[in-house]
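Engineer: quick one: sequence and predicted model below, then my questions.
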2 protein chains.
Amino acid sequence: MDDPITRMSHEQCWEFLRRHELGRMAYHLADEVHIVPINYAVDHDPVSGDHSLLFRTAEGSKLLGVVMNADVAFEVDEVDGEHATSVVLRGRGRRLEEDEEHRAENVPLHPWVATPKWNVVEIEVTEISGRAFDLSLPWQHMIPDAPQ
Amino acid sequence: MDDPITRMSHEQCWEFLRRHELGRMAYHLADEVHIVPINYAVDHDPVSGDHSLLFRTAEGSKLLGVVMNADVAFEVDEVDGEHATSVVLRGRGRRLEEDEEHRAENVPLHPWVATPKWNVVEIEVTEISGRAFDLSLPWQHMIPDAPQ
């Protein structure tokens, strides 16, 4: 049987992340794990060649969580007919200093919801992996009648 | 200005979770936070009235993580034109005992990828909240030409 899961290269992972804008960040808050949808953009340092993620946030639990414990994980996925793709990364979250915040102006970072968000957080990526899945959805035609 | 964020009732959150199949679980693995896409179903105890989530998994880091530390978070979202919805919950993950695994047969739990998954995990939900967002997407027409 063909393996229904294909591993993506790092380059494919970053290309996928650049094509999307919505992901979910998992972070620590004290001894709890939390998750939140995040509107992000990919930044790229032309000197080092490193990629990172940037997002804007108001003061709140996710900023507090990242400041207290920088360890975060992030996921972006896409389901398209019989294929799905998921990129997962882990890294360190860091609030940018005022003199770095201009970086958010140079990437396609478009907050989806019109609420004030004064802080820019960067996720410096330490691990990234992506998987492409062939889906087996034999029940799809049943969904209109699926039991609750 | 109208608030672009509307809070959902618990009933609306569960109705939303029942209409979807794909979420992302955040979990602890030692002192790290991890995130993984999960194909889930909602279960419902007719006696207590409690809802929970069920999913299947192979042996692996997410099962190990949940067994070592039951504290998990879970997110499901949907973006539809100018509206987005996100339901976030926190709870306790628990591998079902053999004599409980039949519960996975009684819910619309359809693994999307044809790989063996012998364990059933339940997330007992301790907190749930949902938000509906009015999106402000004035740049949408620019996306084909958006800078990298």
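Structural biologist: Received, thanks. Numbers count the residues shown, from 1 in each chain, chains lettered A, B, ... in the order given.
Engineer: any buried residues in the helix or strand hosting A:Ala84, and which?
Structural biologist: Counting by DSSP states H and E, the element that carries A:Ala84 is strand A:83-95. Residues A:Ala84, A:Thr85, A:Ser86, A:Val87, A:Val88, A:Leu89, A:Arg90, A:Gly91, A:Gly93, A:Arg94 are the ones in strand A:83-95 that count as buried (16 or more other Cβ atoms under 10 Å in any protein chain shown). Placement of C-beta: from N, CA and C, glycine included.
Engineer: which residues touch the first one?
Structural biologist: Yep, that's A:Ala84 we're talking about. Residues in contact with A:Ala84 (Cβ atoms under 8 Å, 6 or more residues apart in numbering or on different chains) are A:Asp77, A:Glu78, A:Ala132, A:Phe133, A:Leu135, B:Leu22, B:Pro37, B:Trp112, B:Val113.
Engineer: okay, it and A:Ala132: tell me how far apart.
Structural biologist: To A:Ala132, A:Ala84 is 7 Å away according to Cβ to Cβ, to the nearest Å.
Engineer: what residues sit buried inside stretch A:53-69?
Structural biologist: By neighbour count with 16+ other Cβ under 10 Å, stretch A:53-69 contains the buried residues A:Leu53, A:Leu54, A:Phe55, A:Arg56, A:Thr57, A:Lys62, A:Leu63, A:Gly65, A:Val66, A:Asn69.
Engineer: now for A:Phe133, how many residues are close by?
Structural biologist: Residue crowding around A:Phe133 was assessed by other Cβ atoms under 10 Å in any protein chain shown; the count is 21.
Engineer: for it, name its beta-bridge partners.
Structural biologist: Bridge pairing for A:Phe133 (DSSP bridges) gives the partners A:Ile5, A:Ala84.
Engineer: that one reaches A:Asp80, doesn't it?
Structural biologist: No - with contact defined as Cβ atoms under 8 Å, A:Phe133 does not reach A:Asp80; the gap is 10.7 Å.
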